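A.B. asks: Just need the structure, nothing else, for what follows:
(one chain, ligands or ions: 1)
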Amino acid sequence: MAYAIIGSGNIGSALARQFARKGINVLVANSRGPASLAGLVAELGPTVVPATLEQALAADLVILAVPFPKVPDAVRGAGPWQGRVVVDATNAIDYPAFTPKDLGGRLSSAIVAEAVPGARLVKAFNTLPAAVLAQDPASPGGRRVVFLSGDDRAANADVAGLVDRLGFAPIDLGSLAAAGPLQQFGGPLMVHDLLKRG
Ligand SMILES: NC(=O)c1ccc[n+]([C@@H]2O[C@H](COP(=O)([O-])OP(=O)(O)OC[C@H]3O[C@@H](n4cnc5c(N)ncnc54)[C@H](OP(=O)(O)O)[C@@H]3O)[C@@H](O)[C@H]2O)c1
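C.D. replies: Predicted coordinates:
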């Protein structure tokens, strides 16, 4: 399965670090183009593959690690999604207040899903601060938990499998409607850094 991360900032580079730690190739793209990723490759090694947006958006599993308002622009050049998996790591936040964006009662994942019609959307990697997400997920106490949710069970399983391969302990919370209010910014699972023992 080909993996890609859109965004190479705090969250994108934290995730790229985890792929590199496990020796898993991942395409990484941002708004400035592949040449801007030379420093990240120098730091993390050749498993980080600089890509154009178009190349990254063609992967089997695409992780969105861009600011929430930038999602439509970031995915504009994607071909048909045709059931490919999109992982929504975004949080809908108003700055500088750092409060949940008023989405008129809608889930942020529902708005992201509209931008990627035909994709199977899974929300994951959004509840931990980037500096925590970047750390080795394994510790003597257990493995760091990553929550995920989505409406397609097979896509959830694919993302849980990736989370597991990266060394985290996945917890599948179920559907977006059920889990979104818990998992999205402002919800009770935000910034809970849990370890799964054993
Ligand atoms: N920071 C955290 O602790 C944290 C925790 C959980 C979730 N999140 C969420 O994760 C997302 C990313 O946050 P961040 O802190 O990583 O942001 P960031 O450091 O500002 O990085 C944003 C990245 O998105 C890229 N980008 C912006 N517009 C784009 C576009 N139109 N096309 C392609 N790439 C584009 C930027 O490209 P350039 O590099 O070229 O500018 C940059 O690499 C946000 O939705 C945030 O709410 C953040």
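
A.B. asks: Where does this structure get nearest to the ligand, which residue?
C.D. replies: Distances from the chain to the ligand, computed as C-beta to the nearest ligand atom, single out residue 9 as the nearest residue at 1.9 Å. Using the backbone N, CA and C atoms, a C-beta is placed for each residue, glycine as well.

A.B. asks: what's the neighbour count on that residue?
C.D. replies: Look at residue 9: counted by other C-beta atoms under 10 Å, it has 12 neighbours.

A.B. asks: Return the distance of it relative to residue 183.
C.D. replies: 21 Å (C-beta to C-beta, to the nearest Å).

A.B. asks: circling back: wait, the residue of the chain closest to the ligand sits on residue 74?
C.D. replies: No - proximity of residue 9 to residue 74 does not meet the contact threshold set by C-beta atoms under 8 Å, at 11.9 Å.

A.B. asks: shared neighbours of the two, anything?
C.D. replies: By the contact definition C-beta atoms under 8 Å, 6 or more residues apart in numbering, residue 9 and residue 74 are jointly contacted by residue 66.

A.B. asks: Within range of the ligand, give me the residues from the protein.
C.D. replies: By the rule C-beta under 6 Å from any ligand atom, the part of the chain lying against the ligand is 6-12, 30-32, 53, 65-68, 70, 73-74, 89-91, 93, 126, 129-130.

A.B. asks: which among the residues you listed end up buried?
C.D. replies: The neighbour-count test (16 or more other C-beta atoms under 10 Å) applied to these identifies 6-8, 11-12, 30, 53, 65-68, 74, 89-91, 93, 126, 130 as buried.
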